[in-house]
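this is a predicted model, with the sequence first.
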Amino acid sequence: MALEYEKIGKAIEHSQNVLLKGWKKLRRLKRTYMGDQHPSGDDDKTTPMNLTKIAAHVYLQQILPGELRSLITARFPEVEAISEGLERGTNERIKETHTGRETAGATHEALLAAIGGIVRVGEETTGIVNFPGVGDVPTSATAVRHIATERFFFDVQAEQWPYITFAGDIFTVPLDWAKSFKGFSSKARAKLTSMRLRDVIPGSGPARQVEQQPSDQEYQAQTQIMAVWLPLEGSAGKTAMLVPKSFDLLHKTGWDGPEDGPYHRLTFNDIPGEIEQIAPLELLRHLHAVSNTILVKMMNRIEASKEIGIVEDGDSELAEAIIKAKDMTWLRGKRGPEPVQFARMGSIGGDLAAMLIHMRRLFSWQGGNIDLAGGMQAQSETLGQDRILAAAANRTIQAMGKRVEEFARGIVRSLAWYEWTDPIRERVFMRTVEDGGHQYRFPSEWTPATRSGDFLDHDVQVDVYALQHRSPEERLAALRQSLGDIMPLYPLLQAQKGTLDVRELVDLIAKLRDLPELRRIIRGTTQRQPPELSEPPQKTQSQEDRRAVPQRDEELEMAGQLAAMGSKEGS
C-alpha cells in the first residue's frame, strides 16, 4: 500500500471515530422519532403522542419539491437552441436517476442528522464490455444516490464544508462481483472478504439496531467498498476505491466531473466555526420526551383510578338490587335517601394536564410555531395576531425551503454537466415552431455532435422549480388568472399575428371540469387542422396585410368573458 493511501486510511479512521458520537445520537433520535414502532421492538418506550413525527411531517410538506425540473437559459440568442436541448436532456436524466426521490430522502435525513443530508451524483460502473481489438472496457451510467449518515465520512478537521480535504462513502456490492471485477487491482481484490457495515465502522454496532442475519444464512455474500473523493489532489482532484480497514487501493483515477465534486450536502442550522449542524428535530427531542412522559403518567393515573359503591350492612333490598343491576336498567322502589354511596379513588390531576398543554406549546414554539405552520389550530384570540404569527412561521419555513432549493439546484446542475459531457447518449425531441398562427412540429436531435462550444462557454444557468400537485379546480383557477393577465395584451398579440385557440381552451376547461358535454355545446365553424410536419406554406401579400390588421374578434370576447368569470369566482 502506497504511503499516501496509508495516511488517507488513518485520516478516515479518525473521521469515523469522531463521527461515531453523532451516529449514536442519530440512532437515539430515530428511536425517539419512531417510538414503539422502532425495529428494535422496544415496547417499553410508549409514545402515545409522536410530536417529532408531526413536526417532520409539517416541515416536509412545506419544503419538499413535488417534482424537480430544470430551467436552463442562455445569455446569448445564438445558443438558445442548444440550451433547449440541454434542458430537455437534463429533465430526462432527472427522471432516469429518480433525483426527486433521492433528494426527498436526503431532506428527511437533514432534519435528523448532525452532518445533514448527503446526495452523491456521479458515474457508477455497470459492467465490463469486451470490444474486439480494444479489450475490456468498463461501462457506466449517471446515478443520484442518497447516502445514509452511517455510510458517509469526511474531513472533520475542516472548519467549513468548502475546505474539506477528503470525503467519501461506504457502499455494498456482491462479494463475488467485486472479486471478479477486472477494473480493480488483483492484489487488493484478494483482500476483500464478506463484511457488513457494522464490521467497517469501529464501535458502531448494527447500523439499524435490528437482529442481524447470521452470515451463513445470507442469500448472497456482501462486501463493503470505500469510495473517496480527494478534491486537492492533482489539478482537478482524484477519486479512489479502497478496501475497508486495510485501505488497500482497488482503483484510482482523476476526477472528471463537476467542479463542486460528487457530494452535495443539505443543512438547516449551521454553527459558525463548526462543520456539523444542529438537526431541527434534535432540538425538539427533549420536549417530545417530557411531553410523552407526562402523557403516559396521566394514562397510568386513569388506569389506576377507581369509582366504587359502598352499601352499609342492613340496607334495604333495593340496595342489593342496585348492586346486581346492569347498566341502563330501571328498578322499582321508594324514593328516599341514596341506598348506595360512591367513592372515587385517584384522578388525572389538573397539574399534569396544565403541564402537558404548556409543554406542547413550548414544542410548537421551539419548532417555529409548528401548529400554525401546519394549519392545526389558531395561536391567538384575534385574526390580526394570527396573521403576524403565521408570517413569522412562514419565514422559518421559507428559510428551510430556500436551503432545499439551493441543495436541489446543485444536484440538477451536476446532472446538466453529465448530460453535456456524455460522449455516447443521443436523444430526439419534438420541437414546435409557430409561424403566422400555425404550429409546425419536427424532430430535433440532441447528440454530442450538436453541442457546440463548452458547458461554461454558454453561460448556462440552471434553475430548479417544484411542481406541487394541484387539483383540477386549482389548475382551472390558475388558468383563469393567467387569462386575466393576458387579455389586456390581446390587441398587441393580434398585431403580431398571434391568435387565441378558443376551441383548445374549451377542451381544456371541459377536461379540468370533467364536463365533456361542454365540447358539444360550443362548436366552431371550421375544423381544427392537425399539426404539420412539413415546411411552413408560403404566404401571399394579401394574407400578410389581413393578418397585420388588429381586430377585436369573437375569440377576444369569449376569452375576456372567461377571464371575467374567473375574477368574479375568485373574489
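Nice, I can see it. Residues are numbered from 1 along each chain as shown.

switch to C-alpha atoms for all contacts and neighbour counts from now on
OK.

per-residue pLDDT, A563?
Here, the pLDDT recorded for A563 equals 51.

please renumber so the chain begins at 646
Got it, first residue is 646 now, which makes that one A1208.

shaky segments in the stretch 946-1095 of the chain?
954-961, 963-964, 973, 976-988, 990-991, 1019-1038, 1079-1082 (pLDDT under 70).

swap the cut-off to 90 and go again
For the stretch 946-1095 of the chain, the stretches with pLDDT under 90 are 946-999, 1001-1002, 1005-1006, 1008-1047, 1050, 1054, 1067-1095.

domain assignment for the protein?
Following automatic domain parsing, the chain resolves into domains at 648-694+757-924, 1117-1215.

quick one, helices of the stretch 646-795 of the chain?
Using DSSP state H, counting those that start in this stretch, the helices assigned to the stretch 646-795 of the chain run over residues 648-679, 696-708, 725-741, 744-755.

who does the third one touch, helix- and strand-wise?
To tie it back to what came earlier, the one meant is helix 725-741. strand 713-718, helix 1028-1066, strand 1072-1080, strand 1083-1091 (3 or more CA pairs under 8 Å, 6 or more residues apart in numbering; DSSP states H and E).

could the helices of the stretch 646-795 of the chain be laid out in a markdown table, adding mean pLDDT, mean neighbour count and distance to N1039?
Below are the helices of the stretch 646-795 of the chain laid out as a markdown table (pLDDT from 0 to 100; neighbours: other CA atoms under 10 Å; distance: least, CA to CA, whole Å):
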| stretch | mean pLDDT | mean neighbour count | distance to N1039 |
| --- | --- | --- | --- |
| helix 648-679 | 85 | 17 | 24 |
| helix 696-708 | 89 | 19 | 9 |
| helix 725-741 | 88 | 20 | 29 |
| helix 744-755 | 94 | 22 | 18 |
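
re the thing from before, any idea which of the helices and strands packed on helix 725-741 is most buried?
Mean neighbour count (mean count of other CA atoms under 10 Å) peaks for strand 713-718 among these, with a mean of 22.

that strand to helix 1028-1066, inter-axis angle?
70 degrees (axes from the mean of the first three to the mean of the last three CA atoms, to 10 degrees).

quick one: mean pLDDT over strand 713-718.
82.

so the closest residue to F1008 other than its chain neighbours is in which element?
Distances taken as CA to CA, 6 or more residues apart in numbering put L932 closest to F1008, at 5.9 Å, once the chain neighbours are dropped. Using DSSP states H and E, L932 maps to helix 930-949.

grab the CA positions of that helix and hand them over as CSV.
Coordinates of each C-alpha in helix 930-949 appear next as CSV, following Å, rounded to 0.1, in the frame of the first residue of the first chain:
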residue,chain,number,x,y,z
ARG,A,930,-36.3,15.7,21.2
HIS,A,931,-36.3,16.6,24.9
LEU,A,932,-39.6,18.4,24.7
HIS,A,933,-41.0,15.4,22.9
ALA,A,934,-39.7,13.1,25.6
VAL,A,935,-41.1,15.2,28.5
SER,A,936,-44.5,15.6,26.9
ASN,A,937,-44.8,11.9,26.4
THR,A,938,-43.7,11.2,29.9
ILE,A,939,-46.4,13.4,31.3
LEU,A,940,-49.0,11.9,29.0
VAL,A,941,-48.0,8.3,30.0
LYS,A,942,-48.3,9.3,33.6
MET,A,943,-51.8,10.7,33.0
MET,A,944,-52.7,7.4,31.3
ASN,A,945,-51.4,5.4,34.2
ARG,A,946,-53.4,7.6,36.6
ILE,A,947,-56.5,6.9,34.6
GLU,A,948,-56.0,3.2,34.7
ALA,A,949,-55.3,3.3,38.5
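
could you dump the helices of the stretch 646-795 of the chain to a markdown table with distance to F826?
Listed next are the helices of the stretch 646-795 of the chain as a markdown table, based on distance: least, CA to CA, whole Å:
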| stretch | distance to F826 |
| --- | --- |
| helix 648-679 | 21 |
| helix 696-708 | 41 |
| helix 725-741 | 25 |
| helix 744-755 | 27 |
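
can you tell me which of those helices comes nearest to A833?
Of all the helices of the stretch 646-795 of the chain, it is helix 648-679 that lies closest to A833, at 12.8 Å by CA to CA.

start and end of stretch 810-826, how far apart?
29 Å (CA to CA, to the nearest Å).

could I get the buried residue list for that stretch?
T810, F811, A812, G813, D814, I815, F816, L820, A823, K824 (16 or more other CA atoms under 10 Å).
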